[in-house]
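Trainee: Structure, please.
(4 chains)
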Number of protein chains: 2
Amino acid sequence: MARLGNRIAMMDEGVGRTGMIIPELPATEARLCRLMIMLGAGVEAELESTLKPHKLNHSEFLTLMILYSRPDGCSTPGELCELATQRPTNMTRIANTLTKRGVITRRVDAEDRRRVVMQITGAGRRFVQKILPPMFPRIATLFAGFSSNDKRQLDRLLHKLGDSLDRMSDQPPS
Amino acid sequence: MARLGNRIAMMDEGVGRTGMIIPELPATEARLCRLMIMLGAGVEAELESTLKPHKLNHSEFLTLMILYSRPDGCSTPGELCELATQRPTNMTRIANTLTKRGVITRRVDAEDRRRVVMQITGAGRRFVQKILPPMFPRIATLFAGFSSNDKRQLDRLLHKLGDSLDRMSDQPPS
DNA sequence: TGTTTTTACTTCATCAATGAACTATGCACT
DNA sequence: AGTGCATAGTTCATTGATGAAGTAAAAACA
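Mentor: Modelled structure (predicted):
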């Protein structure tokens, strides 16, 4: 029963029953919230399962991929925190881990000695090029049942939700 | 720049540049994966921000809500683990925490003495009824820009993605 | 009936992530 | 130049979640 499909069905019933007790509950929207959380976690879990054999977790992989995608292969802890949604403390740990593995280097910025520059190494680039391609079939399969219109729609709706979240973050909880 | 919109744009460029280096990358699908992860986490973060004042975290809240939505207010750690996607170890901790707060009780099942029954208390029901309504405006606002067709589409596409993930979990990573 | 296996949960050691406090550098203003 | 403030990271203590091992009850089996 660990199937996502079943868990979604159970969640659906649960929100339904809660809506019976508390009629003001915006049930459709609450369902969509829960769906987003469940499927976001589901996709992340799927990703992590492919990372596990390489002893990388999501935040380390993401950090490495951001550096990989940079033309100069560089960034700073502060910038990476924003892009990867991490706290400075954890970015320090990530940098330690990736440095120890030899996939990045870390040095003090000459311009601004408060800053630290993290840079992907040649070994780091080769590592990415080794682990990435085996993921491609799974990524593609995930959306195999989606028409190109489905994908466009999903992209559009997710962007719209992102805008909503941004607007909401201007008005913190009362 | 912690805005989701900006982070999405940066991610988009990053995947684009990675696709330049590795042309086999299924860029559209990889983008959708990342979007799902980012927005799932975004919605969860929004939820947790409303829970924080009550000193509840997501897994504790979800566990309590599942019990609340049950007609008899009961479940077992094992079942709750499946529904809330938690490990038994953590469910023990969650049960400890919720019990200490007086919102649930825990007892050994008389029928099967291996099982533990967790049940929401009257205080637990009142607690849910107190913290839930203030969330409604935010939940509704999240999808304020969505037409009813948008919501139907999003629901459909997320269910479809769930089916995909379930099918994939039959074939673990090679 | 007695032995083995399975199920359900808990305990313990460990890892991942966080907030708070601290260090060091740069910047603004007098 | 000297004081005060802001920025960028790191260290440390703590929380949240996990895997591995342990305990106890039930089910399977011989």
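Trainee: Next, the angle helix B:27-51 makes with the helix or strand where A:L39 lies.
Mentor: A:L39 belongs to helix A:27-51 when assigned by DSSP states H and E. Going by axes from the mean of the first three to the mean of the last three C-alpha atoms, to 10 degrees, helix A:27-51 is angled at 120 degrees with respect to helix B:27-51.
Trainee: Next, the angle from the helix or strand hosting A:H159 to helix B:27-51.
Mentor: Here A:H159, judged by DSSP H and E, is contained in helix A:148-170. Orientation check (the same axes, to 10 degrees): helix A:148-170 against helix B:27-51 gives 30 degrees.
Trainee: Measure how far helix A:148-170 is from the centre of its chain, please.
Mentor: Computed by C-alpha atoms, centre = their mean, to the nearest Å, the separation of helix A:148-170 from the middle of its chain amounts to 15 Å.
Trainee: Is that helix positioned near chain B?
Mentor: Yes: for helix A:148-170, a contact with chain B is found by C-beta under 8 Å from any C-beta of the partner chain, at A:150-151, A:153-155, A:157-166, A:168-169. In short, each C-beta sits where N, CA and C put it, glycine included.
Trainee: returning to that earlier point: same question for the helix holding A:L39: list its buried residues.
Mentor: A:27-44, A:46-47, A:50-51 (16 or more other C-beta atoms under 10 Å in any protein chain shown).
Trainee: Could you list every helix and strand that it packs against?
Mentor: Judged by 3 or more C-beta pairs under 8 Å, 6 or more residues apart in numbering or on different chains; DSSP states H and E, helix A:27-51 is in contact with helix A:4-21, helix A:58-69, helix A:136-142, helix B:27-51, helix B:136-142, helix B:148-170.
Trainee: Which parts of the fifth one count as buried, going by neighbours?
Mentor: Neighbour counts over helix B:136-142 (16+ other C-beta under 10 Å) mark B:R138, B:I139, B:L142 as buried.
Trainee: One more: stretch A:160-174?
Mentor: By neighbour count with 16+ other C-beta under 10 Å, stretch A:160-174 contains the buried residues A:L161, A:G162, A:S164, A:L165, A:D166, A:M168.
Trainee: okay, who's weakest in these by pLDDT?
Mentor: Lowest in pLDDT among the buried residues of stretch A:160-174 is A:M168, which has 92.
Trainee: residues in contact with that one?
Mentor: Contacts were defined as C-beta atoms under 8 Å, 6 or more residues apart in numbering or on different chains; by that measure A:M168 touches B:E46, B:R138, B:T141, B:L142.
Trainee: How far off centre is stretch A:94-108?
Mentor: On C-alpha atoms, centre = their mean, the centre of stretch A:94-108 falls 21 Å from the chain's centre.
Trainee: about what we covered before: take the buried residues of helix B:136-142 and lay them out in a markdown table including pLDDT and distance to DNA strand D.
Mentor: A markdown table is the format used below for the buried residues of helix B:136-142 (pLDDT from 0 to 100; distance: C-beta to the nearest atom of the strand, whole Å):
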| residue | pLDDT | distance to DNA strand D |
| --- | --- | --- |
| B:R138 | 96 | 21 |
| B:I139 | 97 | 21 |
| B:L142 | 97 | 22 |
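Trainee: In CSV: those residues, plus distance to DNA strand C.
Mentor: Listed next are the buried residues of helix B:136-142 as CSV, based on distance: C-beta to the nearest atom of the strand, whole Å:
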residue, distance to DNA strand C
B:R138, 19
B:I139, 22
B:L142, 21
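Trainee: Now that A:M11 has come up, it's in contact with A:R31, right?
Mentor: Yes: the pair A:M11 / A:R31 is scored as a contact, 7.4 Å apart, by C-beta atoms under 8 Å.
Trainee: Name the nearest residue to the residue most central in space within chain A, ignoring sequence neighbours.
Mentor: Here the mean C-alpha position of chain A is nearest to the C-alpha of A:E44 (C-alpha atoms, centre = their mean), at a distance of 6.6 Å. Of all residues not flanking A:E44 in the chain, B:I37 sits nearest, at 4.9 Å (C-beta to C-beta, 6 or more residues apart in numbering or on different chains).
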